[in-house]
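Trainee: got a sequence here, can you build the structure:
(one chain, ligands or ions: 1)
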Amino acid sequence: MIISVASGKGGTGKTTVAVSLALSVGYCNFMDYDVEAPNSHFFLKPAIRNEQEVTIKHPYFLTETGADFTRCAEFCHYNAVAVAGGKVIFFPELCHGCGGCLLVGPPGAVREKDVVIGRIKKGIVDPGINFFMGELKPGYMRTISIQVALDRLIQEDELVIIDSPPGTSCPMVFSVKDSDFCILVTEPTPYGLNDLLLSIEILESMNVPYGVVINRDGIGNGEVESYCKSKNINILLKIPYEQGIAESYSKGVPLVRHDESWIPVFRSMMEDIKKQISVKKENEEK
Ligand code: SF4
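Mentor: Coordinates of the predicted model:
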């Protein structure tokens, strides 16, 4: 069972919810798909046991052959190759490793090599949480390649909690695509509602069931709650805006460690989610 935790924008408390859920239910695989800015490890403090590099293929150009690489520059959709004054210039951060310039370039004058674009870290967290985190190297834009490497580690027969990247662009879509359920975390503000609507649109187009967690409840207005009620969207949980919660977050202390009375609340939310997943499966089988 895969549960993803997403939000239409950063800073809503998505990681707070993902981490607190994992610590409350225990015995799960926690996967940080926010590979451009992973931060769940600040809260979970995993003991890292293993690291693997993620590589992609980059071309290199044998300029000493005197070959003309103009076709490579013309072909490259990502403008990663340019030819100026008879010299070839390669912009590695723009290269998507498609291999196209090898195919269209002068035969034998373009080769490939492995380039490290990031890494996957594996560790453990008490109680019984297997921790996986992707990390994209600064300067590279191959977010999805790191997420693909994480995808290979998913064990669908176990409980998997995915901390998705914020926003509604490709990395978020990729991270929720196989989810049995997505928890959308938002704030009760007009901005929060706007970003929530964008996230909902994506999940509905992908047929991924979802529910909403309202974080920092008490600030802003009641538009998010009114909207959810009007559309019959399940509000899974409301986390109040409290100075103590904000302070513990700033110190890297998860909500359920700051106040253990939240543990049964998150467990109950998980039971609620399981019921919704079962209902969806039953409806699909009819
Ligand atoms: S491998 Fe693809 S993306 Fe990279 S430089 Fe060649 S054509 Fe461009």
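Trainee: only C-alpha atoms for contact and neighbour calcs from this point on.
Mentor: Fine.
Trainee: all helices of this structure, in order?
Mentor: 14-25, 40-44, 70-75, 100-104, 143-151, 170-176, 190-205, 223-230, 243-250, 255-258, 262-285 (DSSP state H).
Trainee: quick check: buried residues in the longest one?
Mentor: Buried positions in helix 262-285, judged by neighbour count with 16 or more other C-alpha atoms under 10 Å: 262, 263, 265, 266, 267, 268, 269, 270, 273, 274, 276, 277.
Trainee: residues in this protein within reach of the ligand, list them.
Mentor: When proximity is defined as C-alpha under 6 Å from any ligand atom, the chain approaches the ligand at 58-59, 76, 78, 80-81, 95-101.
Trainee: could I get these as JSON lines with distance to residue 20?
Mentor: Listed next are these as JSON lines, based on distance: C-alpha to C-alpha, whole Å:
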{"residue": "58", "distance to residue 20": "40"}
{"residue": "59", "distance to residue 20": "43"}
{"residue": "76", "distance to residue 20": "44"}
{"residue": "78", "distance to residue 20": "40"}
{"residue": "80", "distance to residue 20": "42"}
{"residue": "81", "distance to residue 20": "46"}
{"residue": "95", "distance to residue 20": "38"}
{"residue": "96", "distance to residue 20": "36"}
{"residue": "97", "distance to residue 20": "38"}
{"residue": "98", "distance to residue 20": "39"}
{"residue": "99", "distance to residue 20": "42"}
{"residue": "100", "distance to residue 20": "45"}
{"residue": "101", "distance to residue 20": "47"}
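Trainee: would you turn the helices of the chain into a markdown table with distance to residue 122 and mean pLDDT?
Mentor: Output for the helices of the chain, formatted as a markdown table (distance: least, C-alpha to C-alpha, whole Å; pLDDT from 0 to 100):
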| stretch | distance to residue 122 | mean pLDDT |
| --- | --- | --- |
| helix 14-25 | 16 | 96 |
| helix 40-44 | 11 | 96 |
| helix 70-75 | 38 | 96 |
| helix 100-104 | 33 | 95 |
| helix 143-151 | 10 | 95 |
| helix 170-176 | 18 | 95 |
| helix 190-205 | 28 | 95 |
| helix 223-230 | 37 | 95 |
| helix 243-250 | 23 | 92 |
| helix 255-258 | 22 | 95 |
| helix 262-285 | 24 | 93 |
